[in-house]
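**Student:** 3D model of this:
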Amino acid sequence: MNNIFDTHCHYDDRWFDGDREAVLERVLGEGSAVSFVNHAATDEASALFGIENAKRFRNFYTSVGFHPEFASVLPDDWEQKLCELYELAKATGKLTAIGEIGLDYHYEGYDRDKEIYVFEKQLDFASKKDLPVIVHSRNASQDTMELLKKHGSRGVIHCFSGSAEMAKQAVAMGFYIGFTGVLAFGNSKKALKALNEVPMDKLVLETDCPYMAPPPYRGQRCESPMIAEVIKVVAVQKGLSEQQVADMTCENAKRLYGINA
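**Tutor:** Residues are numbered from 1 along each chain as shown. So this is what the prediction gives:
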């Protein structure tokens with residue numbers, strides 16, 4: 001199999017601190033099944049990592065944005081920072097989206113009002129720049145969908161964990177749906193039901209690495225080639241060959257992110 005596009009990864013994570021360069025060379029190098037990766041930025045340092053590596057690797061792309069977990073601790077000039085990061089990323093010719101942005105209601109300590117404020121500001125910014133958004137939504141489906149509708153946003157809901165009904169609604173709004181190794185977990189019934197509501201032209205695949213490695217790699221650090229295990233599941237569910245799934249989801253990702261390579 002080849003032509004894998006990992007639409008959402010975090011190779012800046014500390015789990016890669018010991019061998020990051022070797023991993024990137026292996027994942028992005030000649031002979032890899034992976035054709036492209038998209039780095040999902042979460043803060044300023046993460047965005048700068050993405051920009052640096054977008055310059056270094058021909059098949060490495062990046063977004064810029066602020067994750068909801070940082071909403072309460074952003075500096076007063078965070079919007080100016082976002083503008084600066086946007087310009088730096090745009091200059092590489094490899095900027096894909098504004099993200100990872102959204103809402104996370106999983107933890108009690110987060111300020112929901114501040115999350116919503118930061119999310120809406122970034123949705124507006126993406127619209128002004130005519131860019132898709134990479135949406136993080138955890139235990140916040142209703143508010144997420146209402147805000148996306150309100151702002152007329154486009155993009156992808158990553159690491160999809162919502163219901164089949166939410167998937168159907170998001171697709172009707174024009175959104176792509178990103179699935180991770182969760183599809184291959186033993187308890188993936190909810191994810192599989194959602195998958196069945198997503199037409200092939202709106203499906204993209206991701207690792208969210210280093211997290212959620214699929215079987216048979218559970219408990220290990222996740223890397224982009226492991227998407228092959230997710231592709232096997234999608235192939236069975238959609239009645240396609242594994243290579244067809246890889247090719248179709250790669251083309252979807254390129255269309256989503258405006259990549260002509």
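
**Student:** Mind jotting down where the helices sit in this structure?
**Tutor:** 20-28, 44-56, 78-92, 112-128, 141-151, 164-172, 189-195, 227-238, 242-257 (DSSP state H).

**Student:** on contacts alone, who are the packing partners of the fifth one?
**Tutor:** Other helices and strands packing on helix 141-151, by 3 or more C-beta pairs under 8 Å, 6 or more residues apart in numbering; DSSP states H and E, are strand 95-104, helix 112-128, strand 133-138, helix 164-172. Just so you know, the C-beta spots here come from the backbone N, C-alpha and C atoms, and that holds for glycine as well.

**Student:** Dump the ones you listed to CSV, plus distance to Y11, mean pLDDT and mean neighbour count.
**Tutor:** Shown next, in CSV, are these (distance: least, C-beta to C-beta, whole Å; pLDDT from 0 to 100; neighbours: other C-beta atoms under 10 Å):
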stretch, distance to Y11, mean pLDDT, mean neighbour count
strand 95-104, 14, 98, 27
helix 112-128, 22, 98, 18
strand 133-138, 16, 98, 26
helix 164-172, 27, 97, 18
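
**Student:** tally of neighbours for the residue nearest to Y117 when sequence neighbours are not counted?
**Tutor:** In space, and not counting its chain neighbours, Y117 is closest to A71: 7.5 Å by C-beta to C-beta, 6 or more residues apart in numbering. Applying other C-beta atoms under 10 Å, we find 23 residues neighbouring A71.

**Student:** tell me the contacts of A71?
**Tutor:** Residues counted as contacts of A71 (C-beta atoms under 8 Å, 6 or more residues apart in numbering) are 110-111, 114-115, 117-119.

**Student:** ok, now with 6 Å
**Tutor:** A71 sits next to 114-115, 118 when contact means C-beta atoms under 6 Å, 6 or more residues apart in numbering.

**Student:** neighbours around the closest residue to K190 other than its chain neighbours, how many?
**Tutor:** Once flanking residues are discounted, K190 sits nearest to S163: 7.2 Å by C-beta to C-beta, 6+ apart. For S163, the neighbour count with other C-beta under 10 Å is 14.

**Student:** any idea of the pLDDT on S163?
**Tutor:** What the model reports as pLDDT for S163 is 95.

**Student:** give me phi/psi at it?
**Tutor:** phi -80, psi 170 (degrees, to the nearest 10).

**Student:** Any figure for the gap between it and I157?
**Tutor:** Look at S163 and I157: by C-beta to C-beta, to the nearest Å, they are 12 Å apart.

**Student:** re the thing from before, what about the helices of the chain, which gets the closest to I101?
**Tutor:** helix 112-128 (4.5 Å; C-beta to C-beta).

**Student:** so that closest one versus strand 95-104, what angle?
**Tutor:** Helix 112-128 and strand 95-104 are oriented at 160 degrees to each other (axes from the mean of the first three to the mean of the last three C-alpha atoms, to 10 degrees).

**Student:** so what secondary structure elements neighbour helix 112-128?
**Tutor:** With contacts defined as 3 or more C-beta pairs under 6 Å, 6 or more residues apart in numbering; DSSP states H and E, helix 112-128 has these neighbours: strand 95-104.

**Student:** at 10 Å what do you get?
**Tutor:** Helix 112-128 is packed against strand 60-64, helix 78-92, strand 95-104, strand 133-138, helix 141-151, with contacts defined by 3 or more C-beta pairs under 10 Å, 6 or more residues apart in numbering; DSSP states H and E.

**Student:** pLDDT weak spots in the stretch 1-150 of the chain?
**Tutor:** Counting by pLDDT under 70, the stretch 1-150 of the chain has no low-confidence residues at all.

**Student:** surely M200 meets Y176?
**Tutor:** No. At 11.1 Å, M200 does not count as touching Y176 under the criterion of C-beta atoms under 10 Å.

**Student:** Please enumerate the shared neighbours of the two.
**Tutor:** Between them, M200 and Y176 share these contacting residues under C-beta atoms under 10 Å, 6 or more residues apart in numbering: 249, 252.
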